[in-house]
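Student: Sequence first, predicted coordinates after that:
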Amino acid sequence: MTSSDANSQLTFLVRALANFVSTNMRMRLAAKKVTVAEWTMLWVLNGEPPIAPSLLAGRMGMSRGAISKLADRLIQKSLVVRTAHKEDGYDQTLALTPKGKKLFPALHTLAQETEAHFFDRLSWTDREALDRILKGLVYRD
C-alpha cells in the first residue's frame, strides 16, 4: 500500500483529525491545568446526576480502570467527587463538585474555540451532516 492509499482511508483521516483537534484542545486547556481526558469526563458529568463509573466508562469509550484513574486525578483537583452507596458502601457514583461546575463554562468556551477552529469552514449543512454521521457512529449501540 502506498502512502497515498493510506491518506484516502477513513480510519487514517479520522485519526489524523482526532490528533489535530486533541492537540489544539490540549494547548488551550493547559492554561486551566486540565487534560483533554479530564475535560472529556467533566463534559460527560456536567448537568447530569451522579453516575456509576461503569456507565461513565461506556459513555466515554474507556475501561473502568482508566475511568478510575481519571476520576482520581479530578478528585485530587477537587473537580469531581466520588460518593459510596450509603447502604453497602460498595456502589459508587461520580459527580462534579461546585468547583468543577464553576470551572466548566470556561472550559466549554475553550472547547467551542477549538471546534470553531476546525469546523467553522464547513457549511451549516455539512456541519449538521458531520454531526449526525459522527453521532451515528459513536452512539451506534
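Tutor: Noted; the coordinates are in hand. If you're wondering where the values come from, they're calculated on a predicted model, not measured in any experiment.

Student: any weak-confidence spans in the chain?
Tutor: 1-8, 86-90, 141 (pLDDT under 70).

Student: how about the nearest residue to the residue most central in space within it, chain neighbours excluded?
Tutor: Most central in the chain under CA atoms, centre = their mean is T40, positioned 2.2 Å from the mean C-alpha point. Leaving aside its sequence neighbours, T40 sits nearest to M60 (CB to CB, 6 or more residues apart in numbering; 6.1 Å). Bear in mind the C-beta positions are built from the backbone N, C-alpha and C, glycine included.

Student: from memory the one you found sits against I67, does it?
Tutor: Yes - counting by CB atoms under 8 Å, I67 is a contact partner of M60 at 6.9 Å.

Student: rewinding a little: what's near enough to touch the residue nearest to T40?
Tutor: Contact partners of M60, counting by CB atoms under 8 Å, 6 or more residues apart in numbering, are 40-41, 44, 67.

Student: now do the same end-to-end measure for stretch 57-66.
Tutor: Start-to-end span of stretch 57-66 (CA to CA, to the nearest Å) is 8 Å.

Student: Give me the buried positions along it.
Tutor: 57, 59-60, 62 (16 or more other CB atoms under 10 Å).

Student: Now, the residues you listed that are in helices?
Tutor: 57, 59-60 (DSSP state H).

Student: Just the closest of these to D91, please.
Tutor: Using CB to CB, A57 is the member of those that lies nearest D91, at 14.5 Å.

Student: wait, isn't that closest one in contact with S63?
Tutor: Yes - counting by CB under 8 Å, S63 is a contact partner of A57 at 6.2 Å.

Student: where do the strands sit along the chain?
Tutor: Using DSSP state E, the strands found in the chain span residues 80-84, 92-96.

Student: just these: most buried one?
Tutor: strand 92-96 (a mean of 19; mean count of other CB atoms under 10 Å).

Student: Brilliant, that's me finished.
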